[in-house]
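Asks: missing the sequence, but the structure's below:
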């Protein structure tokens, strides 16, 4: 008896049977092919995710995968460019054939060429045998046959129903592609479109971000860093509103600028003023000032809004900023004199006032400005006009906060229009720390004791006698207690 081994089945006895290994081969092969197709599409999606702003790696991955899944065939990604079709990527297991295929591009978008037919008629093309194709006499068909290709399949790449390219598989032998292969080509075409659209959106987004960054950088030069940061963080609304806050206001302008202006050309004056205002702005930013405005050569800024470190810290920062500006301007002045730009002092007068102001947005719904208003603001500006050339003038409240580390002399009270009482003011001399080497000042702080002596310390004997009298009074006071 002859046994047909290829059709022999083992059964369980319950009606179920196993297929032989020979019968399982087609299923196994089909499963492996499906896994290969899935792996190829997954690989391309990974390339898309890694190359959001560049389509070329995606096109290269498509033709690379296609050359493995369609052995003996050339696969290409071609894109429309004006009235031509250009090759974006080509692959073949034979590099020579791949290069020959690439050299046929660009080709016209014309019905004389199969790429043109697919694009102009908006349809897929699948010719299992080009020799029997309806347009076999066309230039495109003759090129295929002359190159040794017998079969061609083309899938459109559509974006918003518009053909933007074609994915082609040309084969050396005649014969159709399977449904699974056609589906794979359609998936490749869809992935190519996704890559193109992703790239377009990413590049548009980057362009938009670049424009916004440029605009943002430009705007940051017109408003204070604190206000700019508040706007960027969404903490500041462009609405007309205001509030009352206790601020420390700084105002300075240059003494006798008109006389300096007369000896400079306008370009030189512009350069000098811009350098001065730039350097002062840097210092103001370092100390956390909110810049209000430039008024010609005048500078107005304040501490306490939109951020405040407390009244004491705000006042201290403002005064230390003014001292730092004095020091920096001294170096600038020397440099300008060496260059021959100025032959006279370039000195600012500075006024500093602490008090309640109205701060907020003022103007119209279409155009507004963030600033501070109130009598304290006016006083700070007018205070500066009473300061010495190159000097700093503080009001009594401001000085009371910094008197532990700052030496200042009280000046004659100033009567100002609009203020019922004369304004007590103090002229800044310097910090106690920096006055240590000045023979006219002596300062000593110990636990619970602060000693300050002003005068010509060359008369040491007189100073000693004064200290002895003070000590005697202190001892007498302790005896009486």
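Replies: That came through fine. Keep in mind that what you see is a predicted model, and the values were worked out from it rather than measured. Numbers count the residues shown, from 1 in each chain.
Asks: need the longest strand for this structure.
Replies: Counting residues, the longest strand in the chain under DSSP state E turns out to be strand 348-363.
Asks: what mean pLDDT does that strand have?
Replies: Averaging pLDDT along strand 348-363 gives 85.
Asks: strand partners (parallel or antiparallel) of it?
Replies: Sheet pairing of strand 348-363 (DSSP bridges) gives strand 242-254 (antiparallel), strand 368-373 (antiparallel), strand 392-395 (parallel).
Asks: any idea which of those is most buried?
Replies: Burial of those is given as mean neighbour count (mean count of other Cβ atoms under 10 Å); strand 392-395 ranks first at a mean of 27. For glycine as for every other residue, the C-beta is placed from the backbone atoms N, C-alpha and C.
Asks: ok, and what's touching that one?
Replies: 319, 322-323, 326, 349-355, 379, 383-384, 386-387, 402, 408, 411, 423-428 (Cβ atoms under 8 Å, 6 or more residues apart in numbering).
Asks: would you map the strands across the stretch 301-450 of the chain?
Replies: Along the stretch 301-450 of the chain, counting by DSSP state E, counting those that start in this stretch, strands occupy 348-363, 368-373, 392-395, 406-410, 425-431, 441-446, 449-454.
Asks: for the stretch 1-150 of the chain, same thing?
Replies: Remark: strands assigned in the stretch 1-150 of the chain by DSSP E, counting those that start in this stretch are 73-81, 84-92, 107-108, 125-127.
Asks: want to throw these into CSV with mean neighbour count and distance to residue 67?
Replies: Shown next, in CSV, are those (neighbours: other Cβ atoms under 10 Å; distance: least, Cβ to Cβ, whole Å):
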stretch, mean neighbour count, distance to residue 67
strand 73-81, 23, 6
strand 84-92, 21, 4
strand 107-108, 16, 21
strand 125-127, 19, 19
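Asks: would you turn those into a markdown table with distance to residue 62 and mean pLDDT?
Replies: Below are these laid out as a markdown table (distance: least, Cβ to Cβ, whole Å; pLDDT from 0 to 100):
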| stretch | distance to residue 62 | mean pLDDT |
| --- | --- | --- |
| strand 73-81 | 6 | 89 |
| strand 84-92 | 7 | 90 |
| strand 107-108 | 20 | 90 |
| strand 125-127 | 18 | 87 |
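Asks: before we move on, the earlier item: nearest to residue 312, out of the strands paired with strand 348-363?
Replies: With Cβ to Cβ as the measure, strand 242-254 is the member of these nearest residue 312 (10.1 Å).
Asks: quick one: average pLDDT of the closest one?
Replies: 89.
Asks: just stretch 186-202 next, same as before
Replies: For stretch 186-202, mean pLDDT rounds to 82.
Asks: generate a markdown table for the strands of the stretch 1-150 of the chain, with distance to residue 63 as supplementary columns.
Replies: Listed next are the strands of the stretch 1-150 of the chain as a markdown table, based on distance: least, Cβ to Cβ, whole Å:
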| stretch | distance to residue 63 |
| --- | --- |
| strand 73-81 | 5 |
| strand 84-92 | 4 |
| strand 107-108 | 18 |
| strand 125-127 | 18 |
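Asks: so which of those strands gets nearest residue 187?
Replies: Shortest distance between residue 187 and the strands of the stretch 1-150 of the chain, using Cβ to Cβ, is found for strand 73-81: 13.3 Å.
Asks: name the helices or strands packed onto the closest one?
Replies: Applying 3 or more Cβ pairs under 8 Å, 6 or more residues apart in numbering; DSSP states H and E, one finds that strand 73-81 contacts helix 56-69, strand 84-92, helix 95-102, strand 162-171.
Asks: ok and it relative to strand 84-92, angle-wise?
Replies: Inter-element angle recorded for strand 73-81 and strand 84-92: 160 degrees (by axes from the mean of the first three to the mean of the last three Cα atoms, to 10 degrees).
Asks: quick one: contacts of strand 73-81?
Replies: The contact list for strand 73-81, computed with Cβ under 8 Å, 6+ apart, reads 59, 62-63, 66-67, 85-92, 97-98, 101-102, 105-106, 109, 115, 119, 149, 157, 163-172, 192.
Asks: now restrict those residues to buried residues only.
Replies: Among those, the ones that count as buried by 16 or more other Cβ atoms under 10 Å are 59, 62-63, 66-67, 85, 87-92, 97-98, 101, 105, 109, 115, 119, 149, 157, 163-171, 192.
Asks: report the buried residues of stretch 342-359.
Replies: For stretch 342-359, burial by neighbour count (16+ other Cβ under 10 Å) applies to 342, 346-355, 357-359.
Asks: quick one: which two of those are the most distant?
Replies: The most widely separated members of those, counting by Cβ to Cβ, are 342 and 358 (38.6 Å).
Asks: ok, longest helix in this structure?
Replies: Secondary structure of the chain per DSSP state H: the longest helix is helix 179-220.
Asks: and it, what does it pack against?
Replies: Applying 3+ Cβ pairs under 8 Å, 6+ apart, one finds that helix 179-220 makes contact with helix 21-50, helix 56-69, strand 151-159, strand 162-171, helix 225-232.
Asks: average pLDDT across the second one?
Replies: Per-residue pLDDT over helix 56-69 has a mean of 83.
Asks: quick one: it to helix 95-102, angle?
Replies: Helix 56-69 and helix 95-102 are oriented at 120 degrees to each other (the same axes, to 10 degrees).
Asks: what is helix 56-69 packed up against?
Replies: Judged by 3+ Cβ pairs under 8 Å, 6+ apart, the packing partners of helix 56-69 are helix 21-50, strand 73-81, strand 84-92, strand 162-171, helix 179-220.
Asks: can you do 6 Å?
Replies: Judged by 3 or more Cβ pairs under 6 Å, 6 or more residues apart in numbering; DSSP states H and E, helix 56-69 is in contact with helix 21-50, strand 73-81, strand 84-92.
Asks: give me the number of residues near residue 141?
Replies: Other residues within reach of residue 141, judged by other Cβ atoms under 10 Å, total 22.
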